[in-house]
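Q: I'll drop the sequence and a predicted model, then ask my questions.
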Amino acid sequence: VVCYNVLIDGFSKRGETNEAVRIWDRMFEDHCVPSLVTYNSMLNCLYKEGMFDRATEIWHRMVRNGCEPDAFTYSTMIHWLCKQGKVSDAAAIWSLMLKSNCKPDLVAYNALINGFCKDGMVDEGLQVWRMMVEMGCPPSVVTYNVLIKGLCNADKVSHAIDLWQGMGSNGSKPDVITFGILVEGLCKKGYISKAFEVWNEMQNVGCVPNVVAYCSMINGLCKEGRLQEASIIWQQMADRGCKPNAQTYNSLINGLCKESRVSEALKIFQHMTEDCIPTVVTYNTLINGLCVLKRVGEAGRLL
RNA sequence: ACUGCUAACGAGGUAC
């Protein structure tokens, strides 16, 4: 079984759904009995692709064969339903789980909370968070990251900060993702100096920014037209041996374009081609920047 | 080491 499981999940992860299904069929031809992991992997594979009808067949087979769904089963379904905007279906699966013998675990809670938050239902997310505490399931840093992101997106930045500051007394330590989310959220609301406070606090507690965190800070500054400060952060990133990736370059290039400093942007672009591969976003950003300045000819030459 | 949860970039769209 394990071999089949590995193959199914491997194909599923590479997006080769048809191959995964072929292995599943093959498994029966070989008279091998699927395990709980097999069912879970198949459900994951089909839900990811939105193939709910086929998935339901698998679910029924699972039940028919007396294989009890576990927390993996439920959180997989909840996760993909939410990702596809079917939050109320996810909530239905959640109730199904509550009625079953399977108690929700940390990941299941997080998946549901994330679903609510991403759909703009932060209050529901917070309610689930309180519920998990009552049920004796301690929230993790992922739980907080999801909620903080949700609160920022809902323009409840100060509530997000409260949550961040309460993490310690709830047994969670903010990580680089937490700080990145806060920096991004604060910048987007225009609270740059608060973002800098958080940025410094991150270093004070010994959390080392990664390329994503740098990107959030740089992008936030660029969006506010604060390129001077952005380039200082960029320099620090380089000095600390953190290699910028395409997305980081794109943020800076976009910042320069938006300030009509397209020539500088092109210079950065030259530099970029030496240590990473420009993406379609890079070209769109530059072309747009050039076109806005009526430098259409140069824009054409980029193609 | 068989399966499930979290963060960053462009453009477009946002008339009534």
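A: On my side now, so go ahead. Since the structure is predicted, the reported quantities are computational estimates derived from the model, not experimental observations.

Q: The stretch 201-303 of chain A: helices as residue ranges?
A: A:211-223, A:227-239, A:246-258, A:262-275, A:280-292, A:296-302 (DSSP state H, counting those that start in this stretch).

Q: Now mean neighbour count too, for those helices, in TSV please.
A: (Each C-beta comes from the backbone N, C-alpha and C, glycine too.) Compiled in TSV, the helices of the stretch 201-303 of chain A are given as follows (neighbours: other C-beta atoms under 10 Å):
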stretch	mean neighbour count
helix A:211-223	23
helix A:227-239	16
helix A:246-258	23
helix A:262-275	16
helix A:280-292	18
helix A:296-302	13
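
Q: As a markdown table, those with distance to A:G190 would be great.
A: Below are the helices of the stretch 201-303 of chain A laid out as a markdown table (distance: least, C-beta to C-beta, whole Å):
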| stretch | distance to A:G190 |
| --- | --- |
| helix A:211-223 | 9 |
| helix A:227-239 | 14 |
| helix A:246-258 | 15 |
| helix A:262-275 | 23 |
| helix A:280-292 | 22 |
| helix A:296-302 | 31 |
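
Q: Lowest average confidence across those helices, which one?
A: Lowest mean pLDDT within these: helix A:296-302, a mean of 93.

Q: contacting residues around that one?
A: Contacting residues not belonging to helix A:296-302 are listed as A:Y283, A:L286, A:I287, A:L290, A:C291 [C-beta atoms under 8 Å, 6 or more residues apart in numbering].

Q: Output the below-cut-off pLDDT ranges for the stretch 101-250 of chain A.
A: Scanning the stretch 101-250 of chain A for pLDDT under 70 picks out no residues.

Q: need the residues of the stretch 101-250 of chain A near RNA strand B, please.
A: A:105-108, A:110-111, A:114, A:140-143, A:145-146, A:149, A:176-177, A:180-181, A:184, A:210-213, A:215-216, A:219, A:223, A:245-248, A:250 (C-beta under 7 Å from any atom of the strand).

Q: So which residues of chain A form strands?
A: Taking DSSP state E, chain A contains no strands at all.
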